[in-house]
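In: With the input below, show me the fold.
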Amino acid sequence: MSAPDLYPPARAILERLVAFDTTSRLSNLELIAWVETYLDGHGVPHRRVSNLEGTKANLLATIGPDVEGGVVLSGHTDVVPVDGQPWSTDPFTLVERDDRLYGRGTCDMKGFLALALAAVPGLVAARPIRPIHLAFSYDEEIGCLGARGLIAEICAALPRPALVLVGEPTSMDAVNGHKGIATFRVTVSGREAHSSQTQQGVSAIMEAVTLMASLSTLAQRLERDADPASPFTPKHATLTIGMVDGGTAGNILARRCNFLFDLRCPPGLDPEAVLAPFFADAHALDAALKLRAPEAGVAVERRSSTPALSPEPNGAAEAFARRLAGDNGPARAVAFAAEAGQFQEAGFSTVICGPGSIEQAHQPDEYVDVSQMERGALFMRRLIDWAAEA
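Out: Coordinates of the predicted model:
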């Protein structure tokens, strides 16, 4: 099979994958079942690693011998919501227009999954000397929640792979670093009262504003303290409040206010240490509010924590990805978080390399360029050759 021949099956597979609405709040099991049927058709063994409720699953499959030194192709099956976005086409129907493939997840990151699956027949026919492992996860978009169980299964059940390639959108260039992310939910509880009688109640919203101001001040300090040599854009750790919810009516002191924020740190920064001033402010406010109303207070819950990916000196995964991608460019790092840091934390040499640009991810009318998928098809053909000759 010549390299360009991998694109048509990859496009057909991408059409099927996009049709599954795997928004993180929903199950991904229909997509997983479809992939399992596809793998069964090529005699590829696979296993699920499910969540505790059995409503979602990771998928792990191996093509080739049961030996060490293989390559893990890692990608997530979930996508972000389309709610409220002004799409010009059905988000879950693949549409080709102007040499672009439109649909939710085309870029982030079902395009990569489609390329990996399109390579399966060629990998099977090549009788690889080294195994290729497919590792498809759930709930990456809401904190890289599924990958931990998947990585544990890889460590426990597989001969040690040599490296991991995470196919997040990087325009098919090798990326050796990403920021980590820690996400938090803050709940401020107050006491309801008529808004004219502020002495009788505690407005959770008014008190939450002081904590949000604390975070805003911290975010400004992080920007001022940016390392000029940082390879990231932006260079500094970023802190943003993404959602705020609270209150019943305009003339009632709010009983509750919730807000979500995330902190994205370059390698070497400890999120807990960065947030120490905020935690101190939250603790002090909690004590003060309880003096005014016993039921009032502040609770801070960490929802997720994903480590950064640190550049590896002479990294095996980066060298491998560069060779297959024909990439001789400079070292690159990205500001978004990914499961790559989790694989590296588990001891695997890890790199990010996949089709599409992060600039198209999470957008209305998300797309991946056909040329990116064709570059990915060439990458996979070279992977097949490597597996047969390694």
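In: Tell me how many other residues surround the residue nearest to residue 19 when sequence neighbours are not counted.
Out: Closest residue in space to residue 19, ignoring its immediate chain neighbours: residue 92 at 5.7 Å, by CB to CB, 6 or more residues apart in numbering. Placement of C-beta: from N, CA and C, glycine included. Neighbour count for residue 92, taken as other CB atoms under 10 Å: 17.
In: Tell me the pLDDT of residue 92.
Out: Looking at residue 92, its pLDDT reads 98.
In: Next one: it from residue 141, what distance?
Out: 16 Å (CB to CB, to the nearest Å).
In: returning to that earlier point: so the residue nearest to residue 19 sits right up against residue 21, yeah?
Out: Yes. Using CB atoms under 8 Å, residue 92 is in contact with residue 21, at 5.4 Å.
In: what are the ranges of the strands in the stretch 101-250 of the chain?
Out: Secondary structure of the stretch 101-250 of the chain (DSSP state E, counting those that start in this stretch): strands at 132-137, 163-166, 177-178, 180-189, 238-246.
In: tell me what the last one is packed against?
Out: Counting by 3 or more CB pairs under 8 Å, 6 or more residues apart in numbering; DSSP states H and E, the packing neighbours recorded for strand 238-246 are helix 204-224, strand 256-265.
In: partners of the shortest one, with directions?
Out: Take DSSP bridges as the rule and strand 256-265 pairs in its sheet with strand 180-189 (antiparallel), strand 238-246 (antiparallel).
In: Pull it out as PDB, backbone CA atoms only.
Out: Taking Å, rounded to 0.1, in the frame of the first residue of the first chain, the C-alpha atoms of strand 256-265 are listed here in PDB:
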ATOM      1  CA  ARG A 256     -24.800  30.200  47.100                       C
ATOM      2  CA  CYS A 257     -22.200  31.100  44.500                       C
ATOM      3  CA  ASN A 258     -20.000  28.600  42.600                       C
ATOM      4  CA  PHE A 259     -17.200  29.300  40.300                       C
ATOM      5  CA  LEU A 260     -14.600  27.200  38.400                       C
ATOM      6  CA  PHE A 261     -11.100  28.200  37.600                       C
ATOM      7  CA  ASP A 262      -8.000  26.600  36.100                       C
ATOM      8  CA  LEU A 263      -4.300  27.100  36.500                       C
ATOM      9  CA  ARG A 264      -1.900  26.100  33.700                       C
ATOM     10  CA  CYS A 265       1.700  25.900  34.800                       C
END
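In: Common neighbours of residue 92 and residue 21, please.
Out: residue 104 (CB atoms under 8 Å, 6 or more residues apart in numbering).
In: what residue ranges in the stretch 101-250 of the chain score low on pLDDT?
Out: Counting by pLDDT under 70, the stretch 101-250 of the chain has no low-confidence residues at all.
In: okay, now the domains of the protein?
Out: 3-177+309-389, 180-306 (automatic domain parsing).
In: Of these, flag the one that's most buried.
Out: Across these, averaging neighbours per residue (mean count of other CB atoms under 10 Å) puts domain 3-177+309-389 on top, at a mean of 20.
In: who's in contact with residue 316?
Out: Neighbouring residues of residue 316 by CB under 8 Å, 6+ apart: 162, 163, 349.
In: show me the contacts for the first one.
Out: Put plainly, it is residue 162. Residue 162 touches 68, 69, 70, 71, 130, 316, 349, counting by CB under 8 Å, 6+ apart.
In: pretty sure the fifth one is in contact with residue 390, am I right?
Out: Yes. Using CB under 8 Å as the test, residue 130 is close enough to residue 390 to be in contact (4.2 Å).
In: Name the residues contacting each of the two.
Out: With CB under 8 Å, 6+ apart, residue 130 and residue 390 have common neighbours residue 69.
In: Helix, strand, or coil at the residue nearest to residue 19?
Out: coil (DSSP: H, G, I helix; E, B strand; the rest coil).
In: ok but residue 61 is inside a strand, no?
Out: Yes. Assessed by three-state DSSP, residue 61 belongs to a strand.
In: Tell me how far it lies from residue 19.
Out: To residue 19, residue 61 is 21 Å away according to CB to CB.
In: Contacts only, for residue 103.
Out: Counting by CB under 8 Å, 6+ apart, residue 103 touches 14, 18, 89, 91, 92, 93, 94, 95, 366, 367.
In: Could you work out the most separated pair of those?
Out: The most widely separated members of those, counting by CB to CB, are 14 and 89 (14.8 Å).
In: Specify which member of the contacts of residue 103 is nearest to residue 135.
Out: Closest to residue 135 out of the contacts of residue 103 is residue 14 (18.6 Å), distances taken as CB to CB.
In: Would you mind measuring from the residue nearest to the closest one when sequence neighbours are not counted to residue 101?
Out: Nearest non-adjacent residue to residue 14, counting by CB to CB, 6+ apart: residue 114, 3.8 Å away. According to CB to CB, residue 114 stands 10 Å off from residue 101.
In: List the backbone torsions phi and psi for the nearest residue to residue 140 once chain neighbours are set aside.
Out: Excluding the flanking residues, the one nearest residue 140 by CB to CB, 6+ apart is residue 76, at 3.4 Å. Backbone torsions of residue 76, given as degrees, to the nearest 10, read phi -100, psi 150.
In: Which residues does residue 76 form beta bridges with?
Out: Going by DSSP bridges, residue 76 forms beta bridges with residue 137.
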